[in-house]
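> pasting a predicted model and its sequence here:
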Amino acid sequence: MANTVLQAKQLSWQVDGKSIINQIDFNLVKGETVAIVGPNGAGKTSLLKCLYGEYQDFTGNIFLKGKSLKSISTKDIAKQLSVVSQHSNSVFNLTVVDVVRMGLIPHKGLFETDTNSDLEHINQALDKVDLLDKKQQSFNTLSGGEQQRALIARAIVQAADILIMDEPTNHLDIYYQHQILKLAKTLNITLLLTIHDLNLAAEYCDRLVLMNNGAVVSNAKPIDVLTPSTLKQVFDLDCFVDQNPFTSKPRITFAAHNIQQVSDS
Ligand SMILES: Nc1ncnc2c1ncn2[C@@H]1O[C@H](COP(=O)(O)OP(=O)(O)OP(=O)(O)O)[C@@H](O)[C@H]1O
């Protein structure tokens with residue numbers, strides 16, 4: 001499709017002989033916001049890791065703006081695609097400004113120092129996420145929401161036009177869940193994320209890719225993916241779908257009456 005920026009064809013990935021991602025076809029179009037949703041263990045993070053080049057031992061093909069991902073250097077991938085992932089946060093025993101400065105790495109030679117315009121760019125990014133006053137604080141001491149904002153500032157400095165976020169709303173209270181997603185949307189770039197909260201996904205995304213057992217069950221607009229029968233099939237729960245009265249987006253209310261106690265299952 002014209003304007004496809006990221007595409008997977010018959011993508012499979014296994015670990016220790018176990019199939020985790022199973023023959024997935026996927027595409028991401030410039031400018032859209034897409035969420036990968038599905039139960040724990042469905043393969044969402046594994047799919048993202050293949051798509052952003054962390055796992056290279058996949059079979060099938062991944063194309064970044066038409067070029068095979070395996071033929072593009074890590075540095076060139078990072079110029080086009082930035083990643084915000086909670087899993088790597090704990091490695092940052094750095095100040096906030098140093099974390100944000102890491103966004104410059106793909107654009108710099110080995111011994112190239114920061115220019116005044118780089119520093120201005122870093123400050124502008126920190127200002128955009130409202131962390132200028134915390135720039136000298138240790139990243140590890142930020143709250144969960146502030147850490148996500150700092151990583152978004154790093155992505156702004158990285159200046160890629162695709163942003164991948166793995167569970168950006170994890171551990172955030174409801175206010176900050178909305179704040180992070182709204183902030184990401186203001187960047188006006190292509191967004192691909194994983195998210196557990198289907199109501200948030202419906203609120204912010206143009207399209208949802210619903211996964212289960214390493215495969216895609218449904219890939220369409222939220223209204224067409226979030227149907228009681230599809231959700232029952234994947235989550236084994238009955239639900240009621242109506243409209244959010246504020247936004248008119250689909251709103252899902254799950255009924256937990258058939259949940260078994262752990263000891264009964
Ligand atoms: N590096 C790995 N080594 C072994 N097993 C793995 C590895 N990565 C993923 N898996 C397994 O693959 C399956 C899918 O994991 P993945 O993290 O992709 O799921 P997910 O949909 O993101 O789950 P969650 O919603 O719980 O974050 C799980 O059973 C997981 O244990």
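That came in fine, so what should we check first?

> show me what the longest helix seen in the chain is packed against.
Under DSSP state H, the helix in the chain containing the largest number of residues is helix 144-158. Packing partners of helix 144-158 (3 or more CB pairs under 8 Å, 6 or more residues apart in numbering; DSSP states H and E): strand 81-85, helix 96-101, helix 116-128, helix 174-186. Every C-beta, even on glycine, is put in place using the N, C-alpha and C of the backbone.

> which stretch among these comes nearest the ligand?
strand 81-85 (11.0 Å; CB to the nearest ligand atom).

> the closest one to helix 144-158, inter-axis angle?
170 degrees (axes from the mean of the first three to the mean of the last three CA atoms, to 10 degrees).

> export strand 81-85 as CSV, just CAs?
Taking Å, rounded to 0.1, in the frame of the first residue of the first chain, the C-alpha atoms of strand 81-85 are listed here in CSV:
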residue,chain,number,x,y,z
LEU,A,81,12.2,4.6,14.3
SER,A,82,12.4,5.4,18.0
VAL,A,83,11.4,3.1,20.8
VAL,A,84,9.9,3.8,24.2
SER,A,85,10.0,0.6,26.2
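
> could I get the average pLDDT for that strand?
Across strand 81-85, the average pLDDT comes to 92.

> for D206, give me its contacts.
E32, T33, V34, K221 (CB atoms under 8 Å, 6 or more residues apart in numbering).

> in a markdown table: the helices and strands packed on helix 144-158, plus mean neighbour count.
Putting these into a markdown table (neighbours: other CB atoms under 10 Å) gives the following:
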| stretch | mean neighbour count |
| --- | --- |
| strand 81-85 | 23 |
| helix 96-101 | 22 |
| helix 116-128 | 16 |
| helix 174-186 | 16 |
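
> A42: which of the ones you listed is closest?
strand 81-85 (17.0 Å; CB to CB).

> what does that closest one rub up against?
6, 48, 52-53, 64, 103, 148, 151-152, 154-155, 158, 160, 162-166, 168.

> got a PyMOL select line for the buried ones in those residues?
Buried members of those, defined by 16 or more other CB atoms under 10 Å, are picked up in PyMOL with:
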select buried, resi 6+48+52+53+64+103+148+151+152+154+155+158+160+162+163+164+165+166+168
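
> quick one: buried residues of stretch 131-140?
L131, L132, K134, K135, F139.

> next one: stretch 37-44
So stretch 37-44, judged by 16+ other CB under 10 Å, has buried residues V37, G38, A42, G43, K44.

> now do the strands in this structure.
4-15, 18-29, 33-37, 59-64, 67-68, 81-85, 162-166, 190-194, 207-212, 215-220, 238-243, 250-255 (DSSP state E).

> and for the nearest residue to R149 once chain neighbours are set aside, the neighbour number?
Of all residues not flanking R149 in the chain, V129 sits nearest, at 3.9 Å (CB to CB, 6 or more residues apart in numbering). Using other CB atoms under 10 Å, V129 is surrounded by 23 other residues.

> contacts only, for V129.
R149, A150, I152, A153, I156, L183.
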